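Participant: 3D model of this:
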Amino acid sequence: MGISIASLITVAIICYCIVKNNRYGINSIFRELLLFTVFVSIFISTGSFIQIGTVSIGYDTAVSSVLFLFAIVVLIANKQKTDKKLSILAFLLIICLVFGILLLLVNPFKGQIIHNISDWDGYVLGNVEKDNGVWVDFSETFLLLFAFIRMVVIFCAASKCFTKTDDFNVVLNKSIRISDIIILYGYAELVLKYIFNISLTEIFLFTFFGESETYVGTDRLIGFTKEASQYATSLFLLVILYVLKIQNDRINGLKNASRIYMRFILAMILLIFSTSFSAFYYLILICLLIIVTCLNSKWRFIVTGMILLAVVLLAFTMQSEIIGRLERTLTVICQLFNGGNVLPTSEGARLTSIFDSIFVFLKRPMFGVGLGTTDAHSTLVSMLANCGLSGFLLWLLFLIRLNFKGRRNTKWLIFIILLSMLYLGGIGYAAKVYYPFVIMLSAGLSANGKANSYRNGYVKQRESGIKRQISIV
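Facilitator: Next comes the predicted model:
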């Protein structure tokens, strides 16, 4: 059995969350564990929480499983009624996924298919061939099914634990403080890598995670062994938290936006230095996010201007690489439509996976080929191919159900997140990274009532200022 220092720290943090919030009730414990799960899922992608023989359990699976157990307790102990539409969607989604798995056993897909997302690189290189028909990997299928079950149970529990705006504000403020550690680590990695040629991540891997070396290029910022595009995704989700914090502060009359905007800009710089081509895609989504959330006009102009300037500078310094990538992307698209051999590049692998998975979906449009049987470099397309139109629509409705009850403008956040899943991710990646974040975000946006503690604090601050003015007069 293998266990690392990071595993012991994880257990200690879980115990601390439980003991610290025990006096406040099960809902408080759940909210704290959800926050911890979000940051583990977004920023840790290395090593094993525990390894017994050949069985390895990741940190995200371990932490979300603990959260799942507390979610069940919340649903049993909490007398508040669960959203009926949410419960119905959750039930139908699981039934649809199970039916797809049964259909896979009874009438498996007969066409050619790639099973694992990592095999697409080998396929375009000519090292991997498509399988004729679907073979059932029960371990992968049921792990993904369990991930979906965890999602719906935790989502339903979150709808009970975030009933007031104050509940979410407390969690949001804690997430901002935790993000400071993430940003600080990112800049430490940036300085040590580009100035002193020292890999901070490899030091952390060896000391805390028991890993001897990183498995991706050392010329990029990779955090806790996040591949460049994955690291960009993590920073993109962090930016969404900052936008939500800015919105909340505006609603509650707090004037500390400059600090959040500085965090926003610092995260953007790290996003650019990740040297991921997907960072450009995220920059476009962030500009869209700034527009639809109606941030303060002065800061909107400053932040948007800085983003556009960063894009121009990055485009100028990486001109040859960007032009090359765009040319390869257009070439691959033409090759796919003409039925020719695809360039053996990253663009070729990603676009081929999406293109082929769409054709798989068209052959089994209603219920798909079965959960966990194939995966593309797109969460949305992967859902269509695996679960069909019925499963995809139920999944989509489930994700946005709570968000429609969100405050004005902030409900656009979920659509920005869904757009980010168009060209990146996959079913497994979404289950590990996106779902805990979306659960916290949507549950928080659906919270009712005014932020009493925040607004009262602001009112008291105003009243004390008025009293001082009267005394002076």
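Participant: Which parts of the stretch 301-450 of the chain are helices?
Facilitator: 319-338, 346-363, 379-401, 412-420, 427-429, 435-445 (DSSP state H, counting those that start in this stretch).
Participant: so where is the stretch 51-200 of the chain shaky, pLDDT-wise?
Facilitator: Low-confidence segments of the stretch 51-200 of the chain, defined by pLDDT under 70: 80, 82, 135-137.
Participant: if we go to 80?
Facilitator: Scanning the stretch 51-200 of the chain for pLDDT under 80 picks out 52-55, 78-84, 86, 133-140, 163-165, 194, 199.
Participant: on that earlier part again, ranking the helices of the stretch 301-450 of the chain by burial, who's on top?
Facilitator: Comparing those by mean neighbour count (mean count of other Cβ atoms under 10 Å), helix 435-445 ranks first with a mean of 25. (Each C-beta comes from the backbone N, C-alpha and C, glycine too.)
Participant: Now render the helices of the stretch 301-450 of the chain as TSV, adding mean pLDDT and distance to residue 22.
Facilitator: As requested, these are arranged in TSV below (pLDDT from 0 to 100; distance: least, Cβ to Cβ, whole Å):
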stretch	mean pLDDT	distance to residue 22
helix 319-338	77	52
helix 346-363	87	46
helix 379-401	88	31
helix 412-420	82	32
helix 427-429	79	34
helix 435-445	80	21
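Participant: Of all the ones you listed, which one is nearest residue 51?
Facilitator: The closest of the helices of the stretch 301-450 of the chain to residue 51 is helix 427-429. By Cβ to Cβ, the value is 18.9 Å.
Participant: Residues contacting the closest one, please?
Facilitator: 117, 144, 147, 230, 371, 372, 375, 379, 382, 383, 386 (Cβ atoms under 8 Å, 6 or more residues apart in numbering).
Participant: swap in stretch 41-48?
Facilitator: For stretch 41-48, contacts defined as Cβ under 8 Å, 6+ apart pick out 2, 4, 6-7, 56-60, 63-64, 182, 205, 209-211, 223-227, 230, 234, 237-238, 432-433, 435-437.
Participant: Throw together a PyMOL command that grabs the buried residues out of those.
Facilitator: Those of these that count as buried under 16 or more other Cβ atoms under 10 Å are selected in PyMOL with:
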select buried, resi 4+6+7+58+59+60+63+64+182+205+209+210+211+223+224+225+226+227+230+234+237+238+432+433+435+436+437
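Participant: Helices - which of the contacts of stretch 41-48 land there?
Facilitator: Counting by DSSP state H, the contacts of stretch 41-48 place 6-7, 59-60, 63-64, 182, 230, 234, 237-238, 435-437 in helices.
Participant: Can you tell me which of the residues you listed is nearest residue 326?
Facilitator: Relative to residue 326, the closest of the ones in helices among the contacts of stretch 41-48 is residue 230; by Cβ to Cβ it sits at 22.0 Å.
Participant: Report the contact partners of the closest one.
Facilitator: 45, 429, 433.
Participant: what sits against the last one?
Facilitator: Spelled out, that is residue 433. By Cβ under 8 Å, 6+ apart, the contact set of residue 433 is 41, 42, 60, 230, 233, 234, 237, 425.
Participant: isn't the last one right next to residue 381, touching?
Facilitator: Yep, that's residue 425 we're talking about. No - the criterion here is Cβ atoms under 8 Å, and residue 425 misses it with residue 381 at 9.7 Å.
Participant: the helices in the stretch 151-300 of the chain, which residues?
Facilitator: Under DSSP H, counting those that start in this stretch, the stretch 151-300 of the chain gives helices at 165-194, 200-204, 228-251, 257-273, 278-292, 297-317.
Participant: looking at the ones you listed, which is buried most?
Facilitator: Ranked by mean neighbour count, the helices of the stretch 151-300 of the chain are led by helix 228-251 with a mean of 23 (mean count of other Cβ under 10 Å).
Participant: of all the contacts of helix 427-429, which two lie farthest apart?
Facilitator: The most widely separated members of the contacts of helix 427-429, counting by Cβ to Cβ, are 230 and 371 (22.3 Å).
Participant: Dump the contacts of residue 230 into JSON lines; add distance to residue 269 as well.
Facilitator: JSON lines is the format used below for these (distance: Cβ to Cβ, whole Å):
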{"residue": "45", "distance to residue 269": "22"}
{"residue": "429", "distance to residue 269": "25"}
{"residue": "433", "distance to residue 269": "22"}
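Participant: Go through those and say which is closest to residue 52.
Facilitator: residue 45 (20.7 Å).
Participant: can you tell me how far the closest one sits from residue 61?
Facilitator: Distance from residue 45 to residue 61, counting by Cβ to Cβ, to the nearest Å: 12 Å.
Participant: got it, and residue 145?
Facilitator: With distances taken as Cβ to Cβ, residue 145 is found 13 Å from residue 61.
Participant: With neighbour numbers in mind, choose between the two.
Facilitator: Taking neighbours as other Cβ atoms under 10 Å, residue 145 and residue 61 compare with residue 61 leading, 20 against 17.
Participant: Show residues contacting stretch 336-348.
Facilitator: With Cβ under 8 Å, 6+ apart, stretch 336-348 has contacts from 121, 124-126, 325, 328-329, 331-332, 335, 351-352, 355.
Participant: returning to what we had before: ok, which of the helices of the stretch 301-450 of the chain comes nearest residue 169?
Facilitator: Closest approach to residue 169 among the helices of the stretch 301-450 of the chain (Cβ to Cβ): helix 435-445, 8.4 Å.
Participant: which residues sit in contact with residue 28?
Facilitator: residue 21.
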